[in-house]
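Undergrad: Starting from these lines, generate the structure:
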Amino acid sequence: AIVKGLCKAGFNGDILLTARNEKLGQDAVAGLKSEGCKNVIFHQLDICDQGSSLKLKKFLEEKYGGLDVLINNAGMAFKHSATEPFGEQAEVTMRTNFWGTLWVCHALLPILRPNARVVNVSSFVSKKSLDQCSPELQAKFRNKDLSEEELCLLMGEFVQAAQAGDHTAQGWPNTAYGTTKIGVTVLSRIQAKVLTETRPGDGILLNACCPGWVRTDMAGQNATKSPEE
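TA: Residues are numbered from 1 along each chain as shown. Below is the predicted model:
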């Protein structure tokens, strides 16, 4: 839906649609082309594989010399009915939602062209989850001087606490998805600050957003918004 929206809005450059599953990605591109989106290209990307992100970077550098728009929309969540131990849910969800987004950004932010735009798709659940954190953790996440390294340590501490079964006792919320989205939102603030400081004249804008409750495989069919909305 994001790719289709860019096409319909008249974006006149090539638009890369990425997916972990190559067949599903190719099928999606074929469907978009049949609807008139002729400037869509598929490239395989598994955000949980740092090597995959670097392959995408190499492709972009060699074919285009850089990148103008990056939308990090990949994410996952376990269903409420999931039977996996919470510690496992925390590790898997963190690897995709936080570490995967971080690895893609590490690969692609250095090749952003002037006036580029970056959107990290987060969730309103991050606000609710932050409110459920202990005052000490809330203060750490709200610290404007928090570094990326310190944030990564906090995300690792949550996973370790979840695996030990005492995450709530340590002040963490009882949600893996929500905690990973705290990480994505705070990471976005840190990345935006770094870009402003290191490339002050390039006009690059990076932000995080919440699309709302959308009918997807992850959110389910009871959600109130269509993907197009």
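Undergrad: what's the following helix or strand after the worst-scoring helix or strand of the chain on mean pLDDT?
TA: Scoring the helices and strands of the chain by mean pLDDT, DSSP states H and E places helix 2-8 at the bottom, with a mean of 86. Once the chain leaves helix 2-8, the next helix or strand it forms, by DSSP states H and E, is strand 15-19.
Undergrad: Can you tell me which helices and strands that next one packs against?
TA: Strand 15-19 sits against helix 2-8, helix 22-34, strand 40-44, with contacts defined as 3 or more C-beta pairs under 8 Å, 6 or more residues apart in numbering; DSSP states H and E. Placement of C-beta: from N, CA and C, glycine included.
Undergrad: where along the chain do the strands fall?
TA: 15-19, 40-44, 67-72, 112-121, 205-209 (DSSP state E).
Undergrad: The last one vs strand 67-72, what angle?
TA: Read that as strand 205-209. Interaxial angle of strand 205-209 relative to strand 67-72 (axes from the mean of the first three to the mean of the last three C-alpha atoms, to 10 degrees): 20 degrees.
Undergrad: and F42, bridged to which residues?
TA: L17 (DSSP bridges).
Undergrad: quick revisit: deepest of the strands of the chain, which one?
TA: Ranked by mean neighbour count, those are led by strand 15-19 with a mean of 19 (mean count of other C-beta atoms under 10 Å).
Undergrad: Quick check: which ranges of the protein have low pLDDT?
TA: Along the chain, segments meeting pLDDT under 70 span 211-229.
Undergrad: For it, which helix extends over the most residues?
TA: Counting residues, the longest helix found in the chain (DSSP state H) is helix 176-198.
Undergrad: Just the buried positions in it, please.
TA: 176-193, 195 (16 or more other C-beta atoms under 10 Å).
Undergrad: which helices and strands does that helix pack with?
TA: helix 86-94, helix 101-108, strand 112-121, helix 125-131, helix 148-164, strand 205-209.
Undergrad: so the second one versus strand 112-121, what angle?
TA: This means helix 101-108. 170 degrees.
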